[in-house]
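Q: sequence-free structure coming up:
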């Protein structure tokens, strides 16, 4: 007796890429909120409202970026060997949402020149805990 037919889990890579993209985007949003709160730069009522409105947009955008990366990756390797057909889409699904979350943090989380009141961050508003090897 066959319980699972061939192709019955064809939706799984799409669901995983959507979920991964959304989770990475949520992590980038959390990092952005943390940086603004730590440096107290852009964390007044208007800034918090902006960040709260950005949460559903960034999470949905990250999910769509994961889906788009999977679709483009599969289109790029249609006639490639099996190893390439598996690795290229997976690499794109991992790297595209991470790069977008990094961009969100660098542009929205670190408000360069914004007068921070906490005194814990330099004028660039990049928290001192941020690794210097990763540009922000």
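A: All right, it came through fine. Computed from a predicted model, the values in this text were never measured in an experiment. Residues are numbered from 1 along each chain as shown.
Q: packing partners for the longest helix out of those in the chain?
A: Determined from DSSP state H, the single longest helix within the chain is helix 45-76. Packing partners of helix 45-76 (3 or more CB pairs under 8 Å, 6 or more residues apart in numbering; DSSP states H and E): helix 12-39, helix 82-104. From N, CA and C alone the C-beta is placed, and that goes for glycine too.
Q: most tightly surrounded among those?
A: Mean neighbour count (mean count of other CB atoms under 10 Å) peaks for helix 12-39 among these, with a mean of 19.
Q: can you state the direction angle for it and helix 82-104?
A: With axes from the mean of the first three to the mean of the last three CA atoms, to 10 degrees defining the directions, helix 12-39 sits at 20 degrees from helix 82-104.
Q: and helix 12-39 with helix 45-76, angle?
A: Interaxial angle, helix 12-39 versus helix 45-76 (the same axes, to 10 degrees): 150 degrees.
Q: which elements pack onto helix 12-39?
A: With contacts taken as 3+ CB pairs under 8 Å, 6+ apart, helix 12-39 sits against helix 45-76, helix 82-104.
Q: coming back round to it: chain center to the longest helix of the chain, what's the gap?
A: Offset of helix 45-76 from its chain centre (CA atoms, centre = their mean, to the nearest Å): 7 Å.
Q: before we move on, what about stretch 40-52?
A: Worked out by CA atoms, centre = their mean, stretch 40-52 lies 20 Å from the chain centre.
Q: quick revisit: so for residue 134, which of the helices and strands packed on helix 12-39 sits nearest?
A: Ranking those by distance to residue 134, with CB to CB as the measure, places helix 82-104 first at 7.6 Å.
Q: who touches that closest one?
A: When contacts are defined by CB atoms under 8 Å, 6 or more residues apart in numbering, helix 82-104 is touched by residues 13, 16-17, 20-21, 24-25, 27-29, 31-32, 58, 61-62, 65-66, 68-70, 72-74, 76-77, 80, 134.
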